[in-house]
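Asks: Sequence plus the predicted model coming up.
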Amino acid sequence: MESILIFGGGDNQKTLITGAKELGYRTIVIDPNENALGKKYADIFEVVAPKDYEGTKEIAEKYNIKGIVTCQMENPLLLMAQLAEEKKYRFPTVEGIKRARDKYLMKQAFIKNKVPCAKGYLINSPSEIDDKNILFPAILKPVDSFSSRGVFRIENKADLERYFNLTVAFSSTGKAIVEEFIEGHEYSVESVTNNGKTFVIQITEKEITPFPHTVEMAHIQPANISDYEKEAIEEIVKKAIIALELDNCATHAELKITNKGPKMVEIGARLGGDYITSHLVPLSTGINIEKLSVQIAMNDFMGVPVRSENAAVIRYLNLPAGKTVVKVEQWSDLLNDEHLVHANIFLKEGELTSEITDSSKRAGFVIVKSNNRHSAIENALKYSEILQSKIKVL
């Protein structure tokens, strides 16, 4: 039995681990947390610190690893690329991963390769924008973060000065990007690329919180777009992947449709979070994109299966901020409904509700499925309201 090394054993990696096992591989899972949920699903589980390259390589050699993979994990990507280059695993190059993780390098690659995107500037302090031709409103974000952390819409220089330190707190380099604000609805795109050929698997429509924050509160599949828009989105995503020189991996792209066509926001060399790839894509398309990622890593990719045309939605709870949770009523009976696939409440009794300034502040979620988009949206709204009513606050 061939062995695959899976980076990350958290809840969001569970279906990747079980999917790799279903494909017949021995799963070696590494995670810094010895109590990671994925431990009980792995064939072998090892505790490895996040930046321990030598420790990771030792695990790879110990278990005669043939391929490496992760699903939604951003942090291990550079280490994975370094290991892949040394051990000849199928994975993007170190330079490709650097471009995918650094939003400024990414933007430079897009511009060089004529991929439509917002103009942007790298800054180390608010004063550096004085000699730059920045038009407001603009978007301020860390040069290398994710999950909406530290992202603000700014209306003027005073906003920039107000939010700058909050933004760079999420950057490993202490740098930020100020970029042109693009008007338009936002979408995300899940794809896999094998031997230089990209397959777009699904396009997701987003709902986000009002500005200045832009936290995702719902993901809807399929997106409500025309065939023309779908073709334009697929074209720009493929150009973006080529621009970053990403190959033999999955990608999660974010873009907006403007009155001049789609424009790229950013792209990651990993699959999307928020249960998009673990739940929504399989429910709406019948395609297990995590298994495709495993097959690419193990050089067993045989193509994309025939897709189905159903609908799936995840909707997050949104409680008023600053309230104390006095009781969380029993709600698991809701999962008996055939349309409700998954749900959870993150808050516990005694905790305070938070303003939703990034993804980690959301209070819970529901995931629903249906044979049509309209029904899925309605059911997601209905069950999110029911689940939220189970949280009693004062």
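Replies: Cool, got the structure. Numbers count the residues shown, from 1 in each chain.

Asks: List the contacts of the strand of greatest length in the chain.
Replies: For the chain, the longest strand by residue count, based on DSSP state E, is strand 197-208. Residues outside strand 197-208 that contact it (C-beta atoms under 8 Å, 6 or more residues apart in numbering) are 185-193, 214-225, 230, 233-234, 237-238, 241, 251, 272, 276, 280-281, 284-285, 287, 289, 292, 304, 307. In this view, the C-beta of every residue, glycine as well, is placed from N, C-alpha and C.

Asks: how far does that strand sit from the chain's center?
Replies: Relative to the chain's own centre, strand 197-208 is displaced by 11 Å; criterion: C-alpha atoms, centre = their mean, to the nearest Å.

Asks: Name the strands paired with the next helix-or-strand element following that strand and say parallel or antiparallel.
Replies: The first helix or strand that comes after strand 197-208 along the chain, using DSSP states H and E, is strand 216-221. Its sheet considered, strand 216-221 pairs with strand 197-208 (antiparallel), strand 311-316 (antiparallel) by DSSP bridges.

Asks: Please save the CA atoms from the last one in CSV.
Replies: Meaning strand 311-316. C-alpha atoms of strand 311-316 as CSV (Å, rounded to 0.1, in the frame of the first residue of the first chain):
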residue,chain,number,x,y,z
ALA,A,311,-27.4,23.0,-5.1
ALA,A,312,-25.8,23.5,-1.7
VAL,A,313,-25.5,26.4,0.7
ILE,A,314,-23.6,27.2,3.9
ARG,A,315,-25.0,30.1,5.9
TYR,A,316,-23.3,31.4,9.1
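
Asks: Quick check: mean pLDDT of that strand?
Replies: Across strand 311-316, pLDDT averages out at 98.

Asks: Also the first one?
Replies: In this model, strand 197-208 carries a mean pLDDT of 96.

Asks: switch to numbering from 44
Replies: Yes, from this point I'll number from 44; that puts the last item at strand 240-251.

Asks: Which parts of that strand count as buried, going by neighbours?
Replies: For strand 240-251, the neighbour count (16 or more other C-beta atoms under 10 Å) marks 241, 242, 243, 244, 245, 246, 247, 248, 249, 250 as buried.

Asks: Please report how far residue 362 lies from residue 376.
Replies: 21 Å (C-beta to C-beta, to the nearest Å).

Asks: For the two, indicate the residue with more neighbours.
Replies: residue 362 (17 against 7; other C-beta atoms under 10 Å).

Asks: Now do the contacts for the nearest residue to the more buried one once chain neighbours are set aside.
Replies: Nearest residue to residue 362, sequence neighbours excluded (C-beta to C-beta, 6 or more residues apart in numbering): residue 396, at 4.6 Å. For residue 396, the contacting residues are 362, 363, 364, 365, 366, 367, 368, 390, 406, 436, by C-beta under 8 Å, 6+ apart.

Asks: likewise residue 367?
Replies: Applying C-beta under 8 Å, 6+ apart, we find residue 367 in contact with 393, 394, 395, 396, 436, 437.

Asks: bridging residues for it?
Replies: Legend: beta-bridge partners of residue 367 under DSSP bridges are residue 395.

Asks: Okay, it and residue 230: tell me how far apart.
Replies: From residue 367 to residue 230 the distance is 37 Å (C-beta to C-beta).

Asks: Repeat that for residue 414.
Replies: For residue 414 relative to residue 230 (C-beta to C-beta), the value is 22 Å.

Asks: could you pull out the strands for the stretch 44-193 of the chain?
Replies: With DSSP state E, counting those that start in this stretch as the criterion, the stretch 44-193 of the chain has strands at 46-50, 69-74, 87-90, 108-112, 163-166, 181-185.

Asks: With mean pLDDT, mean neighbour count and distance to residue 197 as extra columns, can I get the ones you listed in a markdown table?
Replies: Below are the strands of the stretch 44-193 of the chain laid out as a markdown table (pLDDT from 0 to 100; neighbours: other C-beta atoms under 10 Å; distance: least, C-beta to C-beta, whole Å):
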| stretch | mean pLDDT | mean neighbour count | distance to residue 197 |
| --- | --- | --- | --- |
| strand 46-50 | 98 | 24 | 35 |
| strand 69-74 | 97 | 23 | 37 |
| strand 87-90 | 97 | 17 | 41 |
| strand 108-112 | 98 | 25 | 38 |
| strand 163-166 | 88 | 20 | 12 |
| strand 181-185 | 91 | 23 | 5 |
